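In: Next input, structure requested:
(chains A, B, C and D)
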4 protein chains.
Amino acid sequence: MSIKIAVVGAGSVGFTRAMIHDILCIPELRDAQVSLTDISRRNLDMVYRLVKRDVESAKLPAKITATADRRKAFKDANYVFSFVRVGGLEGFATDVDVPLKYGVDQCVGDTIGPGGIMYGQRTMPVLVEFSRDIVEVAAPGCLFLNYSNPMAMNTWACTRFGEGVKVVGLCHGVIGGHRLIAKAFGLKPEDVDIICAGINHQTWYISIKHKGMDMTRKLLAAFEKDPEIREAEKVRIDMLRRFGYFSTESNGHLSEYVPWYRKRVDEITRWINTDTWINGETGGYLRACTEGRNWFEHDFPNWMKEPPLKFGPEARGHEHGSYIVEALETGRTYRGHFNVVNRGIITNLPADAIVEVPGYVDANGMNIPVVGDLPLGCAAVCNASISVQRLSVEAAMSGNDELLRQAMMMDPLTGAVLNPPEIWQMVDDMLIAGEQWLPQYAKAVAEAKRRQKSGRRIPTRDFAGAARLHTKTVEEMEQDRETATRLASASEKAGKDRKKSR
Amino acid sequence: MSIKIAVVGAGSVGFTRAMIHDILCIPELRDAQVSLTDISRRNLDMVYRLVKRDVESAKLPAKITATADRRKAFKDANYVFSFVRVGGLEGFATDVDVPLKYGVDQCVGDTIGPGGIMYGQRTMPVLVEFSRDIVEVAAPGCLFLNYSNPMAMNTWACTRFGEGVKVVGLCHGVIGGHRLIAKAFGLKPEDVDIICAGINHQTWYISIKHKGMDMTRKLLAAFEKDPEIREAEKVRIDMLRRFGYFSTESNGHLSEYVPWYRKRVDEITRWINTDTWINGETGGYLRACTEGRNWFEHDFPNWMKEPPLKFGPEARGHEHGSYIVEALETGRTYRGHFNVVNRGIITNLPADAIVEVPGYVDANGMNIPVVGDLPLGCAAVCNASISVQRLSVEAAMSGNDELLRQAMMMDPLTGAVLNPPEIWQMVDDMLIAGEQWLPQYAKAVAEAKRRQKSGRRIPTRDFAGAARLHTKTVEEMEQDRETATRLASASEKAGKDRKKSR
Amino acid sequence: MSIKIAVVGAGSVGFTRAMIHDILCIPELRDAQVSLTDISRRNLDMVYRLVKRDVESAKLPAKITATADRRKAFKDANYVFSFVRVGGLEGFATDVDVPLKYGVDQCVGDTIGPGGIMYGQRTMPVLVEFSRDIVEVAAPGCLFLNYSNPMAMNTWACTRFGEGVKVVGLCHGVIGGHRLIAKAFGLKPEDVDIICAGINHQTWYISIKHKGMDMTRKLLAAFEKDPEIREAEKVRIDMLRRFGYFSTESNGHLSEYVPWYRKRVDEITRWINTDTWINGETGGYLRACTEGRNWFEHDFPNWMKEPPLKFGPEARGHEHGSYIVEALETGRTYRGHFNVVNRGIITNLPADAIVEVPGYVDANGMNIPVVGDLPLGCAAVCNASISVQRLSVEAAMSGNDELLRQAMMMDPLTGAVLNPPEIWQMVDDMLIAGEQWLPQYAKAVAEAKRRQKSGRRIPTRDFAGAARLHTKTVEEMEQDRETATRLASASEKAGKDRKKSR
Amino acid sequence: MSIKIAVVGAGSVGFTRAMIHDILCIPELRDAQVSLTDISRRNLDMVYRLVKRDVESAKLPAKITATADRRKAFKDANYVFSFVRVGGLEGFATDVDVPLKYGVDQCVGDTIGPGGIMYGQRTMPVLVEFSRDIVEVAAPGCLFLNYSNPMAMNTWACTRFGEGVKVVGLCHGVIGGHRLIAKAFGLKPEDVDIICAGINHQTWYISIKHKGMDMTRKLLAAFEKDPEIREAEKVRIDMLRRFGYFSTESNGHLSEYVPWYRKRVDEITRWINTDTWINGETGGYLRACTEGRNWFEHDFPNWMKEPPLKFGPEARGHEHGSYIVEALETGRTYRGHFNVVNRGIITNLPADAIVEVPGYVDANGMNIPVVGDLPLGCAAVCNASISVQRLSVEAAMSGNDELLRQAMMMDPLTGAVLNPPEIWQMVDDMLIAGEQWLPQYAKAVAEAKRRQKSGRRIPTRDFAGAARLHTKTVEEMEQDRETATRLASASEKAGKDRKKSR
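Out: Below is the predicted model of the structure:
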């Protein structure tokens, strides 16, 4: 009997098309049923047409359908993928722009930080609703594979409030760093054995081995000798220098989770570079996504004229999702890094936190080994983020803005830049800006508006950030159609495609 | 650089010859150095000659040496295997015979029960000494693979008192049951996916799947339909009926860990059969080992005339050990079941217990996934044994006979058969009988002797047990040389070779 | 404002009258409102009339009411006491009599053992209902003080299924043993400092000090020198000898929780004496309760003619309940021993178990210190009971008779006496006997009846037990009215009044 | 038999004289033996003469001795008090002055922050040595009462490296806040029931009750109405506003543990006031201690002419120490707040952290109840400090400066003010400045000196801090002898005497 796969947020072209493609590359799963759903009819329809064309051209037995009715899509599904971005690019813009008025300069803003916290407030209730739907209508034992950020908070909310849904959070940050390490040592990735552990976007390469030899403490020297890496990864290398372990996270993203690199406006550019948005550009991911989405919508007719995708083992990508499905369905063991509730896996992080750790998947399920203690310094860095996440999860699901404000106070970058009255006013502004996606905060928004109108406001300023770049218009992108198309496919797989975007 | 493997208790012919053979079947490890050691010069020499002949005939680059100096054998070793049986068959006989005088009728007596507890008292201090030697002289990170019983107690003692030695306890009980389950369902073992969890010799098949379909609760019916299994496995099937899950342990062995099947002398034969000693024969394993050892010593000259072993992937056995070494050295993932400190792996067994659980081995090490809760009833059965083990470990390492007596009191079968004064007197008798291997109990032995001489003894009786068979003489075994040789090779791999021994 | 106290199972004359009395002896609480409720109108009315007369004679401002409507009684209550015995003496008789047919000879049968397990099946769902009522209608923060047995199972069920009710289990076993220890040492109880820890009815005096000097290990010798204690407490002294620590539990009660003293019919009388039922008489507590209840009902008119109780500090009893209320209301610190969820208090017992441990009560609430590890042997004994309790709790609340049967299998005395088919048949018989109080087992009862009728039964026998005494008729009791009245007041406070009952 | 009390760091006049006094006020302990020890002969002698005179004037049977030989002082002691300040005022000055050059402006600098971390590096190895001495030579079960700061780190080091010493950390911060709360509500302290929980100097009043009524959330309004408190406690009130719970810690001290109030030089004075050093003065405690110590040394001859102390219940102070000794020796229950290893007491703080929580002391020992979860925001604030402490403890005991630098990175105030290169250079400077008290860092100091000399330094500046006051000379203090004497007695009991110091 064929399996059923549902995709919610299927209008996310990069993710959806690639994931369906990868799954249908698996010989045993060529006859899968795929049901796409999205709240945007238009986006859903465009992606559906692309995917349908791919599958039909390849004459695969798979059955592709699209529906705006989420529960219909989830009905009897064995796997549900979520690629949703609640609030879309409009909501995302508020995550970046409001904090800038207060001097908090984020590169991505989707993990912690003011942006990540508010993104979580919008997203968690929605994903919890998905979880409940899955428990109610999907096939028994259905696995929910979540790609939506903020990954740790979202997975936390689903495990805590999702009625027992079986959920795993996925992110392929680990893969890029693995390649970088291999490059620095002049080795092939497959000859470098790694163990990563931590929390999503703050996972550490705690063991790096080559033919059984421990290379972990030799990495700093290797990076310092590589001029390209040295230039692109200044924050990551500095963290490696201070903490002894390399972070999975990209330079720009990492810089916004800690208090040290982005708190003084005039120093930010010392730690980042703007060759690739992911290396630290102010609002870099927002720009990339905006350009990509605009280009896709503009250029869609041409996409339908391009050759459809080819299927088969050789054509398959590296994203975790299809390998997990393969392992569970065929029993072929897959080792990846997964986001799950800690409960003793990393022994010096809290039991309730969502950790990113190695796991082995086979017909028996997802098997997550006990990792033991993280190095003390790495654990300390993760713990600071976990405090923010826990407050943020409880806030999002209860609509208690006092907890939300505390999450913001505890955020390392926010706490280093602002004082308490400023933080509270910024929360007010963000609640108001995101009102339409934050029904749980109706009361808090009303009070914030009252305060905003009262006139006794701390002055804010127009601040573009230390390193903000112009968002290209469609016309500008027309100058280099090939790059625009490549970036549009990749843009939603944020933090993942590390190729230069400028 | 070639790896070094040390084997202590190498005089155990069945184990040693097979393990060296399996390891040298691995292409990358054909040049391993193997160092054999034993306190019996004679046994060591016989096994050394057999192994050396195997390797030389196959023209392998491996280097085999033998030495009576344990620390020399361990020096720079990457892997140490222990096959020791402290006290030998002479000690083993006291484990079976003394309790029989009190009406405690054991089949094996090497796990818990009076026999297993006393076997542990003899063995734990010795294995802890090995552990310390390994930490001191072996290569850094050397893995200690322990096959000596009582497995759970021994591994517990090494992890708690072994100066941080990296130890894993190994037993292939899981494999035999897997074949039995597949047989009952008319499937191939490779088409039946299993998860076993529990404690050594009381591990449960908590998940049995065929192509993703859960078969766990269908097993009872399948067994009841199979006349051969129904006849051979009465205790196991009864436990499955009562507790809902199948035990890895053989019929006879299982019957001695619980209070229900061997407490009434006249009922024992209702639950066992004597076709194979492992199905319940009184002192069955002692008989099999005695015959095997006698035959080996008697027949050794002929063994040297037999064709030597062949090497190569196709010739390799299924025992865990060589697969673990292969996975660690080559990175090829191996899934097996291992005995390790619990610390949250089985969430409803104590953190300090040694549990037997699935693990994935690769170049990153032994990765033990979190299993979660055992079914309540299974956990309760395991917990009763764990209490015995914990008391037994603390007793063995401290020489505190009060704890030893409490271990015996808490033993399910002993507690169901005897009253406290009887238990204490039996402990006295066993301490005296094992005096030469129990230096830590010097004081307690002296007091026991005093009490024994005082004349105020509870009467004991000569009791052969409900199902004791005659131990064959060498002359009798000469009648069927082939069977005798096969059994002699297998006998020390107790509980493992399930082929009929009579 | 005056506090409100509700009593459910208020028809239990001994408990109810004494508890109300003790509370009204506290100067600050003389104006309490007391609401009595019971399902037996007749019992409720008799007790109400007695209590009302006490209060009115003393001209206390307290307000006493009685109602058959439980939720009305609980409405706005600050404290709810439960003295219920679900199934009454009729149900109780089945707990003792059915197991006797199988040779399981219990003294009390209200903790574990076949009797305790079935008593729990009747009681837990009812107490959980009370808990929910309390959460819904009582005053916020209302404390539920449970005296109903089986204490550990009942408190466990309330904490796990009681919607967050604040519950404490109370039993004054600790007090009697304290007096006994002081007697043996020739000291006053107030000069002997004790710490007790374990589980209800299996709590151990883990620290006994006199002026800072540790006396714990001197107790055995002291008891052995005291001819009266030596004669009355043979099981307790034997347990002390084997395990090193004294148990709080009475001789007869203790003997039925472990496999060693009551499994051989012809040995039981060696370990018990029948001067006082609590020292081991077969079904002793059932007899005492039956006599007491019959006498009370028969003699009630005379009770109303006796002088009413006097109030005031000097008249107050030692039962925990009133001291807890006093401490919470006035802030005067009270130290007692309480039954609460473990969660790390006793570090080597499971987190979910209900433990009996020291606590300090004051205006801040019930403060339960961390005890640390129990001695290993004591922990092992407790753990065996905890396994039974956990299975029993889950069974009672789910109506899953498979779990119920496993609880019975794991029961130490049952497991030592019976084999699995006997245990299952005994469970069938007990389910049928208790049908009217076991609505959750409707399906299992139906199947049991079918099996019972099928005729393929293991034979049972008429067995009065090793030490059963005649239950006195009312006429016989008339011979010594004073004793009859005293015992009737005390009988329901089982295991508590240690004065001789014969 | 009389008890023996040892005091190390006995030259600390305020602490030592008051503690001895309080203990000798207890009727049962008037005959205690007191042994004073200190590495400064001069200080020891002055305090010895004062105490001896007090005791002799009162004709108490107590025996006071002084010795420079620490182990002699500890020999057979039942209680050891530590009042040591390793490095004295000279070391303390480096804790305040070096960070000021980098713009880190501390008020006290003895808990976390650059000052607290370095103070810990000096002190922990010394207290661990004391612990080992106690285990070796003191009476069995001797209790180590530590008053030395940084309290949490010091107690942590003793519990982790102190060979099992029985240690408790003491601080009476809780008492001052209790009075303040009562004042705000217009109540007497004894009518306000409090539960405090957290970590030392970051403990929170998580429950405030008056006659059973919860006042916790009414406190902010009460404080805001009190002009005196509103003016003096701006940081504390702001924290209460943001986090919902009041901190035990004084305004100035609290301001330096979090990133929000002292990071911008020009804002510091908005949050503090300088009426009392404890409310926020830059280096305030250093100034107060320096003045006090100078005055004591200068004025000592006059102290000997003052009337000696009077003894008796009415004369006794409120400091915990004597009440603990009383409770343990007499069995009279004492409730206080104590610093102990967490291990599940506060369920959402790490098990290894040192927490400050309520406890009950009696003849059975120190009994620490389980508190449960801290409010989420409070836990998050504590967790940030705990990360710093853990790194600091491991650094101090291993001499690993990489961990020390990570502790400094993770420090909330330091991380908000400085960037990584600045932090590392500041650590270099502090290691060099404290070299004489940091033998474990010999290698790191040498490297730091090399770097310091290399000339490639980040520029530092002369910065007096936002609110530094002049340290009075002895001549200036002569103007108001009475105040000088009072402050000199109190100065070393820092954070405790809340009376105005200017």
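In: residues touching A:Met442, list them.
Out: No, residue A:442 isn't Met; it's Ala. A:Ala442 makes contact with A:Gly399, according to Cβ atoms under 8 Å, 6 or more residues apart in numbering or on different chains. All C-beta atoms are positioned from the backbone trio N, CA, C, and that covers glycine.
In: Quick check: chain neighbours aside, which residue is closest to A:Ser398?
Out: A:Gln440 (7.6 Å; Cβ to Cβ, 6 or more residues apart in numbering or on different chains).
In: Can you tell me the SS state at A:Gly359?
Out: strand (DSSP: H, G, I helix; E, B strand; the rest coil).
In: Now do the residue nearest to A:Ser398: how many residues are near it, please.
Out: 19 (other Cβ atoms under 10 Å in any protein chain shown).
In: Give me the phi and psi for it.
Out: Backbone torsions for A:Gln440, taken as degrees, to the nearest 10, come to phi -70, psi -10.
In: Tell me the confidence at it?
Out: Reported pLDDT at A:Gln440 in the predicted model: 98.
In: residues touching it, list them.
Out: A:Gln121, A:Pro125, A:Ala396, A:Met397, A:Ser398, A:Gly399.
In: Excluding chain neighbours, give the residue nearest to the third one in space.
Out: Once its chain neighbours are removed from consideration, A:Ala396 has its nearest residue in A:Met124; the separation is 4.1 Å (Cβ to Cβ, 6+ apart).
In: How much space separates that neighbour from chain B?
Out: 25 Å (Cβ to the nearest Cβ, to the nearest Å).
In: so where does that residue fall, helix or strand?
Out: helix A:113-137 (DSSP states H and E).
In: For the stretch 51-200 of chain A, which segments count as strands?
Out: With DSSP state E, counting those that start in this stretch as the criterion, the stretch 51-200 of chain A has strands at A:63-67, A:79-82, A:143-146, A:166-169, A:193-199.
In: and the stretch 401-502 of chain A, which residues reach chain D?
Out: Contacts of the stretch 401-502 of chain A with chain D, taken as Cβ under 8 Å from any Cβ of the partner chain, map to A:402-403, A:405-406, A:409-410, A:412, A:415-416, A:418-420, A:424.
In: tell me which parts of the stretch 151-300 of chain A are close to chain B?
Out: Contact residues, the stretch 151-300 of chain A versus chain B (Cβ under 8 Å from any Cβ): A:Asp193, A:Ile194, A:Ile195, A:Ser207, A:Lys209, A:Gly212.
In: can you redo those as TSV with pLDDT?
Out: What follows is these, written out as TSV (pLDDT from 0 to 100):
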residue	pLDDT
A:Asp193	94
A:Ile194	95
A:Ile195	95
A:Ser207	96
A:Lys209	94
A:Gly212	85
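In: From the residues you listed, pick the one nearest chain D.
Out: Nearest to chain D, judged by Cβ to the nearest Cβ, of those is A:Ser207 at 18.2 Å.
In: Report the contact partners of the closest one.
Out: Applying Cβ under 8 Å, 6+ apart, the residues near A:Ser207 are A:Asp193, A:Ile194, A:Ile195, A:Asp214, A:Thr216, B:Asn364.
In: which among these end up buried?
Out: Among the contacts of A:Ser207, those scoring as buried are A:Asp193, A:Ile194, A:Ile195, A:Thr216, B:Asn364 (criterion: 16 or more other Cβ atoms under 10 Å in any protein chain shown).
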